[in-house]
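Visitor: My questions are about this predicted structure, shown below with the sequence.
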Amino acid sequence: MSTEQFFSVAKRFVAWLLENKEDTGVMANLRRGFSPATEHYVWPYLARFCSLENEHERMVFATVAACFGFHPEHTDEGNFGTTLNRVACSRQGAENPLEAFEPRFRRILSASTVQDICQQLRSLVQLAKGSNVPINYVQLLNDLLCWEQNSREIKIQWAASYYAGSGRAAEEAPAEESVAKVTVSDTSA
């Protein structure tokens with residue numbers, strides 16, 4: 001599939017998730033997507049959007065579905081770097097919250113496969129939920145589907161969004177340029 005096709009499927013899947021947000025049975029089944037032992041509960045929902053035979057697609061869709069089932073707060077803004085920036089900034093007690101959260105952020109950036117990222121998402125989504133930070137599930141799903149072909153570009157986009165609120169980024173680039181970079185990265189995937 002092309003990037004445009006992935007994005008179109010991601011939009012349709014997240015629209016379906018949002019339509020079913022209030023269905024507690026569906027949400028409970030979606031949360032089972034975190035575990036390979038119980039992932040089969042999610043398959044009836046995924047079959048409309050991905051190939052169940054394709055392990056990569058199935059794992060990505062099951063993980064994003066489980067994340068949504070656990071934290072069904074969606075936004076159309078930003079990417080996962082934006083989410084983690086907001087989580088970091090919401091944490092109390094740190095003088096520089098982005099710097100304090102940076103080891104967790106660097107861990108996700110060091111992931112070499114989409115499977116590595118999927119394994120880390122549960123704890124990061126828990127932090128987002130605890131901080132009341134919504135997630136752009138369309139962009140997250142699209143990024144994970146495109147990871148094999150574009151991991152370096154996606155990591156750069158996440159990093160640009162994560163550091164956009166830091167003092168370093170603000171000192172190095174004028175505000176207009178920072179906004180333009182984030183806008184381009186949000187729409188390019």
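Guide: That came through, no problem.
Visitor: residue nearest the centroid of the protein?
Guide: With the centre of the chain defined as its mean C-alpha position, the nearest residue by Cα atoms, centre = their mean is residue 140, 3.3 Å away.
Visitor: hang on, it packs against residue 63?
Guide: No. In this structure, residue 140 is not within contact of residue 63 by Cβ atoms under 8 Å, at 9.4 Å. Bear in mind the C-beta positions are built from the backbone N, C-alpha and C, glycine included.
Visitor: Now the biggest helix by length in the chain: buried residues?
Guide: For the chain, the helix with the greatest residue count under DSSP state H is helix 137-163. With burial defined by 16 or more other Cβ atoms under 10 Å, the residues of helix 137-163 counted as buried are 137-147, 150-151, 154-155, 157-158, 160-163.
Visitor: Summarise which helices and strands that helix is packed against.
Guide: If contacts are counted by 3 or more Cβ pairs under 8 Å, 6 or more residues apart in numbering; DSSP states H and E, helix 137-163 sits against helix 3-19, helix 55-70, helix 80-90, helix 97-109, helix 114-130, helix 175-188.
Visitor: now the third one against helix 114-130, angle please.
Guide: Read that as helix 80-90. Angle, helix 80-90 to helix 114-130, by axes from the mean of the first three to the mean of the last three Cα atoms, to 10 degrees: 40 degrees.
Visitor: same question, the first one
Guide: Put simply, helix 3-19 runs at 40 degrees to helix 114-130, going by the same axes, to 10 degrees.
Visitor: Kindly report the same for the second one.
Guide: Orientation note: helix 55-70 sits at an angle of 10 degrees relative to helix 114-130 (the same axes, to 10 degrees).
Visitor: Output helix 55-70 as CSV - backbone C-alpha positions only.
Guide: Below are the C-alpha coordinates for helix 55-70, written out as CSV (Å, rounded to 0.1, in the frame of the first residue of the first chain):
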residue,chain,number,x,y,z
GLU,A,55,1.3,-10.2,10.7
HIS,A,56,2.7,-6.6,10.5
GLU,A,57,-0.6,-5.0,9.7
ARG,A,58,-2.5,-7.1,12.1
MET,A,59,-0.1,-6.3,15.0
VAL,A,60,-0.2,-2.6,14.2
PHE,A,61,-4.0,-2.4,14.0
ALA,A,62,-4.4,-4.6,17.1
THR,A,63,-2.0,-2.4,19.1
VAL,A,64,-3.6,0.9,18.1
ALA,A,65,-7.1,-0.6,18.7
ALA,A,66,-5.9,-1.7,22.2
CYS,A,67,-4.5,1.8,22.9
PHE,A,68,-7.8,3.4,21.8
GLY,A,69,-9.7,0.9,24.0
PHE,A,70,-7.6,1.9,27.0
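Visitor: Cool, thanks, signing off.
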